[in-house]
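Trainee: Turn this into a structure:
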Amino acid sequence: FNHTILISIGIGLSSGVHANKFWRQLSENTNSYYNGPVISAGAASVMLQNIRTLFMFGGEGRDGGLLHNTWTYRIEDNLWSDLTPENAASRPSARAYGTAAHLATSVVVFGGQCTSAAFPARGQPCTDTTWEYDTMGNQWRSLDEELGALQPGPRSGHAVEVSGSSMFLYGGTRGPDRSQDNATDYMNVIWELQWDARRWV
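Mentor: From the prediction side, this is the model:
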């Protein structure tokens, strides 16, 4: 792992073939001025397209510990900002391999793995928690009570995508260990979070 942000850029041709495809390195930790996140993997991240900013929460550190930091990276300024609240109760618990989606002015974080590989109970998925980060007010809040009893079960390693005002969630594993080949731990159900109605279906 390293402290590097990469963006893939391609130029489309009418034939569907892409030319001049390349990677451009935007950030690195080769000098003393780096003030970004620690080295990690499995953070929930999403691009806030309207302000060209990468949002990132959590992850698993190189030592196996789980993280609960909230970071943003502004592409235009090449600048990391630590937005982690001081009060642990006002943010999601430490986790990795969850997902993040941008809906309206909010980032929605769902699921993830809440026990790291550094501990005996490896790979225990989080409960089915849904959190909202208000990008305008810079604060977290839990949506579990508002969304009601019908919610996807605990999982990590799932996929999400946004279409219109809905977030669609697919698959994932409920553990106990992502490395185990146990078909019963993997899911192939699609869930929809209707954001305007604040409900899972």
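Trainee: what's across from the nearest residue to Pro152 once chain neighbours are set aside in the sheet?
Mentor: Closest residue to Pro152 apart from its sequence neighbours, by C-beta to C-beta, 6 or more residues apart in numbering: Trp191 at 4.7 Å. Glycine gets a C-beta too; all of them are placed from N, C-alpha and C. Trp191 forms beta bridges with Leu169, as assigned by DSSP bridges.
Trainee: Need the pLDDT of Trp191.
Mentor: Looking at Trp191, its pLDDT stands at 97.
Trainee: show me what contacts it?
Mentor: Contact analysis of Trp191 by C-beta atoms under 8 Å, 6 or more residues apart in numbering lists 152, 168-170, 200-201.
Trainee: Tell me the buried residues within those.
Mentor: Burial by neighbour count, 16 or more other C-beta atoms under 10 Å: within those this picks out 152, 169, 200.
Trainee: ok, back up a step: next, find the distance separating the residue nearest to Pro152 from Asp134.
Mentor: 23 Å (C-beta to C-beta, to the nearest Å).
Trainee: before we move on, what about Ala94?
Mentor: Counting by C-beta to C-beta, the gap from Ala94 to Asp134 is 21 Å.
Trainee: Which of the two has more residues huddled nearby?
Mentor: When neighbours are counted by other C-beta atoms under 10 Å, Ala94 comes out ahead of the other of Ala94 and Asp134, with 22 against 13.
Trainee: was I right about the more buried one contacting His68?
Mentor: Yes: Ala94 lies in contact with His68 (C-beta atoms under 8 Å); the separation is 4.0 Å.
Trainee: who's in contact with the residue most central in space within the chain?
Mentor: For the chain, Ala44 is the residue whose C-alpha lies nearest the centre (C-alpha atoms, centre = their mean; 1.4 Å). When contacts are counted by C-beta under 8 Å, 6+ apart, Ala44 touches 56-59, 95, 98-100, 109, 112.
Trainee: which ones are touching Ala159?
Mentor: Contact analysis of Ala159 by C-beta under 8 Å, 6+ apart lists 99, 169-172.
Trainee: In JSON lines: the residues you listed, plus distance to Asn78.
Mentor: Putting these into JSON lines (distance: C-beta to C-beta, whole Å) gives the following:
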{"residue": "Thr99", "distance to Asn78": "26"}
{"residue": "Leu169", "distance to Asn78": "32"}
{"residue": "Tyr170", "distance to Asn78": "34"}
{"residue": "Gly171", "distance to Asn78": "35"}
{"residue": "Gly172", "distance to Asn78": "34"}
